[in-house]
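Engineer: quick one, fold the following:
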Amino acid sequence: MKKHKPKLTAKAQQTESSHPQPQAFINARILDPNSARDEAGGLVITHGVISDIGPHLRRNAPENTQVIDCQGHMLCPGLIDCQVFTGEPGTEHRETLKTASMAAAAGGVTTIVVMPDTEPVIDQVALVDFIQRRARDNAIVHVHTLAAMTKGLAGEEITEIGLMQRAGAIGFTNGKTSIANARVMQNVLNYAKDFNALIIHHTEDPHLSDGAAMNSGEVATRLGLKGVSPVAETIILDRDLRLVELTGSRYHTAVITTKDSLDAIKAAKRKGLRVTCGVTINHLTLNQNDIGSYRTYFKLRPPLRSEEDRVAMVNGIANGDIDVIISSHDPQDADVKRRPFAEAADGAVGLETLLPAALRLFHAGDVPLLPLLKPMTINPASLLGLEAGRLEKGAPADIILVDLEEPWVVNKDLLQSRSKNTTFDEARLQGRVLRTVVAGKTVYEYAISK
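Structural biologist: Next up is the predicted model:
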(Lines give C-alpha, C1' and ligand atoms only; values in the text may rest on other atoms or scores of the structure.)
Protein backbone atom coordinates (compact mmCIF):
# COMPACT_ATOMS: atom_id res chain seq x y z
CA MET A 1 0.00 0.00 0.00
CA LYS A 2 1.33 3.44 -0.93
CA LYS A 3 1.81 5.98 1.80
CA HIS A 4 1.89 9.69 1.18
CA LYS A 5 3.99 12.07 3.20
CA PRO A 6 3.57 15.81 2.65
CA LYS A 7 6.79 17.78 2.57
CA LEU A 8 6.89 21.55 2.90
CA THR A 9 10.00 23.29 1.70
CA ALA A 10 11.33 26.03 3.94
CA LYS A 11 12.27 29.23 2.14
CA ALA A 12 15.80 29.06 3.50
CA GLN A 13 16.30 25.72 1.77
CA GLN A 14 15.22 27.01 -1.62
CA THR A 15 18.10 29.39 -2.28
CA GLU A 16 20.89 26.89 -2.72
CA SER A 17 22.06 28.55 -5.92
CA SER A 18 21.43 31.85 -7.62
CA HIS A 19 21.51 29.94 -10.93
CA PRO A 20 19.44 26.78 -10.37
CA GLN A 21 19.34 24.03 -12.95
CA PRO A 22 16.41 24.34 -15.40
CA GLN A 23 13.53 21.95 -14.69
CA ALA A 24 11.58 19.99 -17.27
CA PHE A 25 8.09 18.74 -16.36
CA ILE A 26 7.27 16.03 -18.89
CA ASN A 27 4.46 13.51 -19.43
CA ALA A 28 1.80 15.88 -18.09
CA ARG A 29 -1.73 16.90 -18.96
CA ILE A 30 -1.30 20.64 -19.48
CA LEU A 31 -4.34 22.75 -18.58
CA ASP A 32 -4.27 26.53 -18.99
CA PRO A 33 -7.62 28.33 -18.64
CA ASN A 34 -6.15 31.51 -20.13
CA SER A 35 -5.44 29.91 -23.51
CA ALA A 36 -7.96 27.05 -23.20
CA ARG A 37 -5.01 24.65 -23.59
CA ASP A 38 -5.80 21.07 -22.60
CA GLU A 39 -3.24 18.69 -24.08
CA ALA A 40 -0.57 16.15 -23.29
CA GLY A 41 2.83 17.79 -23.05
CA GLY A 42 5.27 19.43 -20.71
CA LEU A 43 7.04 22.65 -19.83
CA VAL A 44 10.50 23.92 -18.92
CA ILE A 45 11.29 26.34 -16.11
CA THR A 46 14.40 28.51 -16.30
CA HIS A 47 15.28 31.18 -13.73
CA GLY A 48 11.79 31.18 -12.25
CA VAL A 49 9.83 31.61 -15.49
CA ILE A 50 8.35 29.25 -18.06
CA SER A 51 10.85 29.12 -20.91
CA ASP A 52 9.14 26.49 -23.06
CA ILE A 53 5.81 24.68 -23.16
CA GLY A 54 3.97 22.37 -25.49
CA PRO A 55 3.27 18.82 -26.70
CA HIS A 56 6.85 18.41 -27.95
CA LEU A 57 7.89 18.10 -24.29
CA ARG A 58 5.60 15.19 -23.57
CA ARG A 59 8.32 12.55 -23.60
CA ASN A 60 11.61 14.30 -24.27
CA ALA A 61 13.29 16.82 -22.01
CA PRO A 62 16.04 19.23 -23.11
CA GLU A 63 19.58 18.38 -22.11
CA ASN A 64 20.97 19.60 -18.80
CA THR A 65 17.58 19.87 -17.12
CA GLN A 66 16.20 18.36 -13.94
CA VAL A 67 13.44 16.06 -15.21
CA ILE A 68 10.15 15.63 -13.33
CA ASP A 69 7.92 12.91 -14.74
CA CYS A 70 4.32 14.01 -14.10
CA GLN A 71 2.98 10.52 -14.88
CA GLY A 72 0.05 11.93 -16.83
CA HIS A 73 -1.26 14.09 -14.01
CA MET A 74 -2.64 17.59 -14.47
CA LEU A 75 -0.17 20.49 -14.61
CA CYS A 76 -1.88 23.87 -14.33
CA PRO A 77 -1.26 27.41 -13.01
CA GLY A 78 -1.06 27.80 -9.24
CA LEU A 79 -4.25 29.05 -7.64
CA ILE A 80 -4.76 32.66 -6.56
CA ASP A 81 -6.91 33.14 -3.45
CA CYS A 82 -8.32 36.67 -3.19
CA GLN A 83 -9.61 36.51 0.40
CA VAL A 84 -7.43 35.13 3.17
CA PHE A 85 -7.75 36.20 6.77
CA THR A 86 -4.75 35.71 9.04
CA GLY A 87 -3.99 36.64 12.62
CA GLU A 88 -0.83 38.59 11.91
CA PRO A 89 -0.42 41.10 13.39
CA GLY A 90 -2.20 40.82 16.73
CA THR A 91 -3.73 37.35 16.94
CA GLU A 92 -0.95 35.07 15.78
CA HIS A 93 -2.38 32.19 17.84
CA ARG A 94 -5.02 31.87 15.08
CA GLU A 95 -2.72 32.06 12.07
CA THR A 96 0.51 33.68 10.93
CA LEU A 97 1.63 34.58 7.45
CA LYS A 98 4.02 31.64 7.62
CA THR A 99 1.41 29.04 8.60
CA ALA A 100 -1.12 30.47 6.13
CA SER A 101 1.47 30.18 3.36
CA MET A 102 2.21 26.58 4.35
CA ALA A 103 -1.49 25.73 4.16
CA ALA A 104 -1.68 27.53 0.81
CA ALA A 105 1.27 25.57 -0.61
CA ALA A 106 -0.29 22.28 0.50
CA GLY A 107 -3.51 23.29 -1.28
CA GLY A 108 -1.89 24.38 -4.53
CA VAL A 109 -2.42 28.08 -3.84
CA THR A 110 0.66 29.98 -5.00
CA THR A 111 -0.66 33.50 -4.31
CA ILE A 112 -2.70 34.67 -1.33
CA VAL A 113 -4.28 38.08 -0.83
CA VAL A 114 -4.54 38.86 2.88
CA MET A 115 -7.30 40.91 4.45
CA PRO A 116 -6.82 43.97 6.68
CA ASP A 117 -8.90 42.57 9.57
CA THR A 118 -5.99 42.38 11.99
CA GLU A 119 -4.98 44.05 15.27
CA PRO A 120 -4.13 46.75 14.39
CA VAL A 121 -6.12 47.09 11.19
CA ILE A 122 -4.03 47.47 8.01
CA ASP A 123 -5.14 51.05 7.39
CA GLN A 124 -1.88 52.97 6.97
CA VAL A 125 1.28 52.84 4.90
CA ALA A 126 3.52 51.53 7.68
CA LEU A 127 1.30 48.51 8.22
CA VAL A 128 1.11 47.70 4.51
CA ASP A 129 4.90 47.75 4.50
CA PHE A 130 4.97 45.57 7.64
CA ILE A 131 2.89 42.83 5.98
CA GLN A 132 5.07 42.87 2.90
CA ARG A 133 8.28 42.58 4.90
CA ARG A 134 6.90 39.80 7.11
CA ALA A 135 5.68 37.90 4.07
CA ARG A 136 9.01 38.30 2.30
CA ASP A 137 10.85 36.89 5.32
CA ASN A 138 8.46 34.10 6.31
CA ALA A 139 5.98 33.08 3.61
CA ILE A 140 6.68 30.37 1.03
CA VAL A 141 4.06 31.62 -1.45
CA HIS A 142 3.37 35.06 -2.90
CA VAL A 143 1.52 37.37 -0.51
CA HIS A 144 -0.34 40.54 -1.50
CA THR A 145 -2.17 42.95 0.78
CA LEU A 146 -5.66 44.38 0.76
CA ALA A 147 -5.72 47.58 2.81
CA ALA A 148 -8.67 49.04 4.70
CA MET A 149 -10.74 51.63 2.86
CA THR A 150 -11.99 53.19 6.11
CA LYS A 151 -9.94 53.78 9.23
CA GLY A 152 -10.23 50.95 11.70
CA LEU A 153 -12.79 49.35 9.35
CA ALA A 154 -15.33 51.54 11.14
CA GLY A 155 -17.01 52.65 7.93
CA GLU A 156 -16.72 56.34 8.73
CA GLU A 157 -13.43 57.98 7.71
CA ILE A 158 -11.69 57.17 4.42
CA THR A 159 -8.09 56.01 4.51
CA GLU A 160 -5.21 57.30 2.37
CA ILE A 161 -5.96 55.04 -0.57
CA GLY A 162 -3.42 56.64 -2.90
CA LEU A 163 -0.52 56.42 -0.47
CA MET A 164 -1.26 52.81 0.48
CA GLN A 165 -1.58 51.83 -3.16
CA ARG A 166 1.83 53.36 -3.79
CA ALA A 167 3.15 51.36 -0.81
CA GLY A 168 1.96 48.12 -2.40
CA ALA A 169 -1.70 47.60 -1.44
CA ILE A 170 -3.33 45.67 -4.28
CA GLY A 171 -6.90 46.69 -3.45
CA PHE A 172 -9.10 48.14 -0.72
CA THR A 173 -11.84 46.62 1.39
CA ASN A 174 -13.81 47.05 4.58
CA GLY A 175 -13.10 43.47 5.60
CA LYS A 176 -15.96 41.45 7.03
CA THR A 177 -18.23 44.48 7.44
CA SER A 178 -20.25 46.51 4.97
CA ILE A 179 -20.18 50.29 4.88
CA ALA A 180 -23.72 51.17 5.93
CA ASN A 181 -23.45 54.89 5.14
CA ALA A 182 -24.13 55.42 1.43
CA ARG A 183 -22.40 58.81 1.46
CA VAL A 184 -19.19 57.26 2.80
CA MET A 185 -19.36 54.50 0.19
CA GLN A 186 -19.84 57.04 -2.58
CA ASN A 187 -16.84 59.02 -1.32
CA VAL A 188 -14.72 55.83 -1.24
CA LEU A 189 -15.63 54.99 -4.82
CA ASN A 190 -14.96 58.55 -6.02
CA TYR A 191 -11.60 58.69 -4.24
CA ALA A 192 -10.56 55.24 -5.49
CA LYS A 193 -11.42 56.17 -9.07
CA ASP A 194 -8.68 58.82 -9.04
CA PHE A 195 -6.12 56.02 -8.60
CA ASN A 196 -7.95 53.35 -10.61
CA ALA A 197 -7.93 51.39 -7.35
CA LEU A 198 -10.02 48.26 -6.92
CA ILE A 199 -12.72 48.39 -4.24
CA ILE A 200 -13.71 45.01 -2.79
CA HIS A 201 -16.81 45.10 -0.61
CA HIS A 202 -18.58 42.66 1.69
CA THR A 203 -22.28 43.13 0.92
CA GLU A 204 -24.43 42.44 3.97
CA ASP A 205 -26.67 44.99 5.64
CA PRO A 206 -25.25 45.25 9.19
CA HIS A 207 -28.61 46.09 10.73
CA LEU A 208 -30.55 43.23 9.15
CA SER A 209 -27.78 40.74 9.88
CA ASP A 210 -27.10 41.85 13.46
CA GLY A 211 -27.32 38.87 15.81
CA ALA A 212 -28.23 36.42 13.04
CA ALA A 213 -26.70 32.97 13.20
CA MET A 214 -27.70 31.48 9.84
CA ASN A 215 -29.86 31.87 6.76
CA SER A 216 -33.50 32.60 7.53
CA GLY A 217 -36.15 30.04 6.66
CA GLU A 218 -37.48 26.66 7.68
CA VAL A 219 -34.14 25.23 8.82
CA ALA A 220 -33.42 28.23 11.08
CA THR A 221 -36.91 28.00 12.55
CA ARG A 222 -36.54 24.28 13.22
CA LEU A 223 -33.18 24.84 14.94
CA GLY A 224 -34.50 27.79 16.92
CA LEU A 225 -31.82 30.13 15.55
CA LYS A 226 -32.16 33.74 14.45
CA GLY A 227 -31.85 33.96 10.69
CA VAL A 228 -30.94 36.68 8.22
CA SER A 229 -32.78 37.06 4.93
CA PRO A 230 -30.80 36.96 1.67
CA VAL A 231 -32.30 40.41 1.13
CA ALA A 232 -29.62 41.73 3.50
CA GLU A 233 -27.09 40.93 0.78
CA THR A 234 -28.99 42.23 -2.21
CA ILE A 235 -29.94 45.54 -0.54
CA ILE A 236 -26.29 46.55 -0.11
CA LEU A 237 -25.30 45.12 -3.49
CA ASP A 238 -28.07 47.00 -5.32
CA ARG A 239 -27.03 50.23 -3.59
CA ASP A 240 -23.37 49.71 -4.43
CA LEU A 241 -24.09 48.99 -8.08
CA ARG A 242 -26.03 52.24 -8.39
CA LEU A 243 -23.10 54.10 -6.82
CA VAL A 244 -20.69 52.39 -9.22
CA GLU A 245 -22.87 53.52 -12.12
CA LEU A 246 -22.75 57.05 -10.71
CA THR A 247 -18.99 57.14 -10.09
CA GLY A 248 -17.57 54.85 -12.79
CA SER A 249 -15.27 53.11 -10.28
CA ARG A 250 -13.83 49.58 -10.28
CA TYR A 251 -15.88 47.41 -7.94
CA HIS A 252 -15.76 43.78 -6.86
CA THR A 253 -18.29 42.25 -4.50
CA ALA A 254 -16.27 39.84 -2.43
CA VAL A 255 -18.92 37.16 -1.99
CA ILE A 256 -22.33 36.60 -3.49
CA THR A 257 -24.48 33.77 -2.21
CA THR A 258 -27.91 34.17 -3.82
CA LYS A 259 -29.51 33.96 -7.26
CA ASP A 260 -30.85 37.51 -6.89
CA SER A 261 -27.33 38.84 -6.29
CA LEU A 262 -26.04 37.01 -9.35
CA ASP A 263 -28.85 38.45 -11.46
CA ALA A 264 -27.95 41.96 -10.24
CA ILE A 265 -24.28 41.47 -11.18
CA LYS A 266 -25.21 40.15 -14.63
CA ALA A 267 -27.45 43.16 -15.23
CA ALA A 268 -24.67 45.54 -14.14
CA LYS A 269 -22.21 43.88 -16.53
CA ARG A 270 -24.68 44.24 -19.39
CA LYS A 271 -24.72 47.97 -18.66
CA GLY A 272 -20.95 48.04 -19.07
CA LEU A 273 -20.14 48.75 -15.43
CA ARG A 274 -16.68 47.74 -14.21
CA VAL A 275 -18.01 45.18 -11.74
CA THR A 276 -17.00 41.64 -10.84
CA CYS A 277 -18.01 39.17 -8.14
CA GLY A 278 -16.72 36.23 -6.15
CA VAL A 279 -18.12 33.19 -4.37
CA THR A 280 -16.65 31.03 -1.64
CA ILE A 281 -15.96 27.34 -2.07
CA ASN A 282 -18.29 26.74 0.88
CA HIS A 283 -21.25 28.35 -0.88
CA LEU A 284 -20.52 26.28 -3.99
CA THR A 285 -20.39 22.90 -2.27
CA LEU A 286 -22.45 23.21 0.94
CA ASN A 287 -25.89 24.46 1.95
CA GLN A 288 -27.77 25.36 5.13
CA ASN A 289 -28.78 21.74 5.74
CA ASP A 290 -25.12 20.88 6.39
CA ILE A 291 -25.34 22.73 9.70
CA GLY A 292 -27.15 19.62 10.93
CA SER A 293 -27.18 19.42 14.71
CA TYR A 294 -25.61 22.84 15.37
CA ARG A 295 -22.20 22.13 13.81
CA THR A 296 -20.38 25.38 14.49
CA TYR A 297 -17.67 24.78 11.87
CA PHE A 298 -20.48 25.49 9.38
CA LYS A 299 -21.27 28.89 10.87
CA LEU A 300 -20.05 31.27 8.20
CA ARG A 301 -20.45 34.85 7.11
CA PRO A 302 -22.36 35.22 4.83
CA PRO A 303 -24.26 32.15 6.05
CA LEU A 304 -24.79 29.02 4.02
CA ARG A 305 -27.90 29.43 1.88
CA SER A 306 -30.55 27.15 0.39
CA GLU A 307 -29.80 24.39 -2.10
CA GLU A 308 -31.50 26.47 -4.79
CA ASP A 309 -29.04 29.31 -4.22
CA ARG A 310 -26.09 26.90 -4.15
CA VAL A 311 -27.10 25.49 -7.53
CA ALA A 312 -27.41 29.04 -8.88
CA MET A 313 -23.83 29.72 -7.77
CA VAL A 314 -22.59 26.55 -9.47
CA ASN A 315 -24.36 27.54 -12.67
CA GLY A 316 -22.77 30.99 -12.36
CA ILE A 317 -19.32 29.35 -12.40
CA ALA A 318 -20.18 27.04 -15.28
CA ASN A 319 -21.52 29.96 -17.36
CA GLY A 320 -18.66 32.33 -16.49
CA ASP A 321 -20.96 34.82 -14.76
CA ILE A 322 -19.08 34.55 -11.45
CA ASP A 323 -15.52 35.78 -11.81
CA VAL A 324 -13.65 34.42 -8.79
CA ILE A 325 -13.74 31.45 -6.40
CA ILE A 326 -12.18 32.07 -2.98
CA SER A 327 -11.53 29.98 0.10
CA SER A 328 -12.44 32.85 2.47
CA HIS A 329 -9.85 31.22 4.75
CA ASP A 330 -10.81 32.45 8.24
CA PRO A 331 -8.97 30.69 11.08
CA GLN A 332 -10.71 30.63 14.45
CA ASP A 333 -9.46 28.76 17.48
CA ALA A 334 -11.40 26.17 19.46
CA ASP A 335 -12.30 28.59 22.25
CA VAL A 336 -14.53 30.66 19.98
CA LYS A 337 -15.87 27.78 17.89
CA ARG A 338 -16.82 25.30 20.62
CA ARG A 339 -19.72 27.36 21.90
CA PRO A 340 -23.48 27.32 21.41
CA PHE A 341 -24.13 27.91 17.71
CA ALA A 342 -25.53 31.41 18.15
CA GLU A 343 -22.48 32.46 20.17
CA ALA A 344 -19.76 30.78 18.09
CA ALA A 345 -17.49 32.82 15.85
CA ASP A 346 -18.06 32.89 12.11
CA GLY A 347 -15.52 31.49 9.69
CA ALA A 348 -13.70 28.39 8.45
CA VAL A 349 -10.22 27.61 7.16
CA GLY A 350 -10.10 26.68 3.50
CA LEU A 351 -6.74 27.16 1.80
CA GLU A 352 -5.83 23.50 1.88
CA THR A 353 -9.23 22.24 0.71
CA LEU A 354 -10.05 24.91 -1.90
CA LEU A 355 -9.02 22.88 -4.94
CA PRO A 356 -10.14 19.38 -3.90
CA ALA A 357 -13.51 20.75 -2.75
CA ALA A 358 -13.89 22.57 -6.06
CA LEU A 359 -13.12 19.33 -7.87
CA ARG A 360 -16.34 17.95 -6.41
CA LEU A 361 -18.12 20.04 -9.04
CA PHE A 362 -15.95 18.54 -11.79
CA HIS A 363 -16.36 14.95 -10.66
CA ALA A 364 -20.14 15.46 -10.34
CA GLY A 365 -20.28 16.68 -13.93
CA ASP A 366 -21.49 20.15 -12.95
CA VAL A 367 -18.53 22.22 -14.21
CA PRO A 368 -15.81 21.23 -16.73
CA LEU A 369 -12.19 21.60 -15.65
CA LEU A 370 -11.22 24.73 -17.59
CA PRO A 371 -14.23 26.84 -16.48
CA LEU A 372 -13.65 25.57 -12.94
CA LEU A 373 -9.97 26.53 -12.87
CA LYS A 374 -10.43 29.90 -14.57
CA PRO A 375 -11.96 31.68 -11.52
CA MET A 376 -9.05 30.45 -9.39
CA THR A 377 -6.22 31.33 -11.79
CA ILE A 378 -6.35 33.82 -14.66
CA ASN A 379 -9.52 35.63 -13.53
CA PRO A 380 -8.17 36.76 -10.15
CA ALA A 381 -4.81 37.50 -11.78
CA SER A 382 -6.49 39.81 -14.29
CA LEU A 383 -8.62 41.41 -11.60
CA LEU A 384 -5.60 42.19 -9.43
CA GLY A 385 -3.17 43.02 -12.22
CA LEU A 386 -0.86 40.05 -11.59
CA GLU A 387 1.34 38.28 -14.13
CA ALA A 388 0.52 34.87 -12.65
CA GLY A 389 -2.40 32.55 -13.40
CA ARG A 390 -1.30 31.37 -16.87
CA LEU A 391 0.97 28.84 -18.55
CA GLU A 392 2.89 30.42 -21.43
CA LYS A 393 6.43 31.37 -22.33
CA GLY A 394 7.68 34.18 -20.12
CA ALA A 395 5.02 33.71 -17.45
CA PRO A 396 6.03 33.26 -13.80
CA ALA A 397 6.65 29.60 -12.97
CA ASP A 398 3.85 29.33 -10.39
CA ILE A 399 2.48 25.89 -11.19
CA ILE A 400 0.90 22.90 -9.50
CA LEU A 401 0.83 19.19 -10.27
CA VAL A 402 -2.49 17.57 -9.36
CA ASP A 403 -3.71 13.98 -9.24
CA LEU A 404 -7.37 14.46 -10.16
CA GLU A 405 -8.38 10.96 -9.02
CA GLU A 406 -6.58 10.52 -5.68
CA PRO A 407 -9.23 9.90 -2.97
CA TRP A 408 -8.62 11.06 0.58
CA VAL A 409 -10.41 11.89 3.79
CA VAL A 410 -9.83 15.26 5.44
CA ASN A 411 -8.34 15.06 8.91
CA LYS A 412 -8.39 18.51 10.47
CA ASP A 413 -5.49 17.65 12.78
CA LEU A 414 -3.24 17.09 9.75
CA LEU A 415 -3.97 20.45 8.14
CA GLN A 416 -1.08 22.90 7.94
CA SER A 417 -3.18 25.81 9.21
CA ARG A 418 -2.67 26.75 12.84
CA SER A 419 -6.45 26.68 13.38
CA LYS A 420 -8.47 23.58 12.50
CA ASN A 421 -11.98 24.93 11.91
CA THR A 422 -12.64 23.33 8.55
CA THR A 423 -16.08 22.71 7.09
CA PHE A 424 -14.65 19.63 5.37
CA ASP A 425 -13.48 17.69 8.44
CA GLU A 426 -13.90 13.97 7.70
CA ALA A 427 -15.18 14.78 4.21
CA ARG A 428 -14.29 12.39 1.38
CA LEU A 429 -12.57 14.34 -1.39
CA GLN A 430 -11.13 13.30 -4.73
CA GLY A 431 -8.10 15.09 -6.11
CA ARG A 432 -4.82 15.98 -4.44
CA VAL A 433 -1.98 18.41 -5.04
CA LEU A 434 1.25 16.49 -5.60
CA ARG A 435 3.64 19.41 -6.07
CA THR A 436 3.49 23.19 -5.70
CA VAL A 437 6.07 25.35 -7.46
CA VAL A 438 6.44 29.07 -6.72
CA ALA A 439 8.75 31.15 -8.92
CA GLY A 440 10.38 27.94 -10.12
CA LYS A 441 11.03 26.53 -6.64
CA THR A 442 9.22 23.56 -5.17
CA VAL A 443 7.62 24.67 -1.90
CA TYR A 444 5.44 21.60 -1.34
CA GLU A 445 5.71 17.98 -2.43
CA TYR A 446 3.33 15.17 -1.63
CA ALA A 447 5.91 12.41 -1.61
CA ILE A 448 4.92 8.82 -2.36
CA SER A 449 6.69 5.90 -0.73
CA LYS A 450 5.82 2.22 -0.96
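
Engineer: can you tell me the centre-most residue of this protein?
Structural biologist: Note on the chain: the residue nearest the mean C-alpha position is D81, at 2.5 Å, using Cα atoms, centre = their mean.

Engineer: could you list the buried residues of the helix or strand that one falls within?
Structural biologist: Assigned by DSSP states H and E, D81 belongs to strand 79-84. Residues of strand 79-84 classed as buried by neighbour count (16 or more other Cβ atoms under 10 Å): 79-84. For the C-beta atoms, the positions are set from N, CA and C on the backbone; glycine is no exception.

Engineer: what's downstream of the lowest-mean-pLDDT helix or strand in the chain, the next helix or strand?
Structural biologist: In the chain, the helix or strand scored least confidently by mean pLDDT, DSSP states H and E is strand 3-8, which has a mean of 53. Per DSSP H and E, strand 3-8 leads on to strand 23-32 as the next helix or strand towards the C-terminus.

Engineer: with adjacent residues omitted, what lies nearest to H207?
Structural biologist: Nearest residue to H207, sequence neighbours excluded (Cβ to Cβ, 6 or more residues apart in numbering): A180, at 7.1 Å.

Engineer: next up, the contacts around the closest residue to K269 other than its chain neighbours.
Structural biologist: Leaving aside its sequence neighbours, K269 sits nearest to V275 (Cβ to Cβ, 6+ apart; 6.3 Å). Going by Cβ atoms under 8 Å, 6 or more residues apart in numbering, V275 touches 241, 244, 251-253, 265, 268-269.

Engineer: re earlier: so which two of the buried residues of strand 79-84 are the farthest from each other?
Structural biologist: L79 and Q83 (12.5 Å; Cβ to Cβ).

Engineer: is the closest residue in space to G152 that isn't next to it in sequence in a helix, a strand, or coil?
Structural biologist: Take G152 and drop its neighbours on the chain: the residue closest to it by Cβ to Cβ, 6+ apart is V121, 5.3 Å away. Secondary structure, DSSP: H, G, I helix; E, B strand; the rest coil: V121 is coil.

Engineer: just the pLDDT for V121.
Structural biologist: For V121, the pLDDT comes out at 98.

Engineer: isn't it right up against L146?
Structural biologist: No. Assessed by Cβ atoms under 8 Å, V121 is found out of contact with L146, at 11.3 Å.

Engineer: of those two, which one has the most company?
Structural biologist: More neighbours surround L146 than the other of V121 and L146, with 28 against 21 (other Cβ atoms under 10 Å).

Engineer: quick check, the more buried one in a strand?
Structural biologist: Yes. Per three-state DSSP, L146 lies within a strand segment.

Engineer: partners of it in the sheet?
Structural biologist: G171 (DSSP bridges).

Engineer: how far does stretch 413-432 sit from the chain's center?
Structural biologist: 16 Å (Cα atoms, centre = their mean, to the nearest Å).

Engineer: could you do stretch 100-120 as well?
Structural biologist: 8 Å.

Engineer: cool, stretch 231-245 as well?
Structural biologist: 23 Å.

Engineer: next, count neighbours for G385.
Structural biologist: As a measure of burial, G385 has 11 neighbours, counting by other Cβ under 10 Å.

Engineer: I misspoke; the intended subject was N196.
Structural biologist: N196 has 11 nearby residues by other Cβ under 10 Å.

Engineer: so who does it touch?
Structural biologist: Here N196 is in contact with R250 (criterion: Cβ under 8 Å, 6+ apart).

Engineer: tell me the SS of it?
Structural biologist: Applying three-state DSSP: N196 is coil.

Engineer: and the pLDDT at it?
Structural biologist: For N196, the predicted pLDDT is 97.

Engineer: show me what contacts the closest residue to K266 other than its chain neighbours?
Structural biologist: Among residues not flanking K266 along the chain, D321 sits closest, at 5.6 Å (Cβ to Cβ, 6+ apart). Counting by Cβ under 8 Å, 6+ apart, D321 makes contact with 262, 265-266, 315.

Engineer: isn't there a helix covering D321?
Structural biologist: No. Assignment of D321 by three-state DSSP gives coil, placing it outside any helix.

Engineer: which pLDDT value goes with it?
Structural biologist: pLDDT, D321: 98.

Engineer: and it, how close does it get to T276?
Structural biologist: D321 sits 10 Å away from T276, going by Cβ to Cβ, to the nearest Å.

Engineer: between the contacts of D321, which is nearest R338?
Structural biologist: Of the contacts of D321, the one sitting nearest to R338 (Cβ to Cβ) turns out to be L262, at 34.4 Å.

Engineer: spatially, what comes nearest to the closest one if we skip its sequence neighbours?
Structural biologist: Per Cβ to Cβ, 6+ apart, closest to L262 is G316, 5.0 Å.

Engineer: what does C70 give?
Structural biologist: A28 (3.6 Å).

Engineer: you'd agree that neighbour is up against G41?
Structural biologist: Yes. Counting by Cβ under 8 Å, A28 does reach G41; the two are 6.5 Å apart.

Engineer: between the two, tell me which one has more neighbours.
Structural biologist: Per other Cβ under 10 Å, whichever of A28 and G41 has more neighbours is A28, with 24 against 21.

Engineer: quick check, D290 in a helix?
Structural biologist: Yes. Assessed by three-state DSSP, D290 belongs to a helix.

Engineer: quick one on the thing from earlier: restricted to helices, list the contacts of V275.
Structural biologist: Mapping the contacts of V275 onto helices (DSSP state H) picks out 241, 244, 265, 268-269.

Engineer: tell me the one of the residues you listed nearest P380?
Structural biologist: I265 (16.1 Å).

Engineer: could you measure from the closest one over to V311?
Structural biologist: Taking Cβ to Cβ, one finds I265 at 17 Å from V311.

Engineer: the more surrounded of the two?
Structural biologist: I265 (22 against 14).

Engineer: just give the nearest non-adjacent residue to the more buried one, would you?
Structural biologist: C277 (4.7 Å).

Engineer: tell me the SS of the one you found?
Structural biologist: strand.

Engineer: that one contacts I322, doesn't it?
Structural biologist: Yes. Assessed by Cβ under 8 Å, C277 is found in contact with I322 at 5.8 Å.

Engineer: show me whatever sits in contact with both of the two.
Structural biologist: Counting by Cβ under 8 Å, 6+ apart, the residues touching both C277 and I322 are 256, 262, 265.

Engineer: are we agreed that the second one is in a helix?
Structural biologist: Looking back up the chat, that one is L262. Yes. Assessed with three-state DSSP, L262 lies in a helix.
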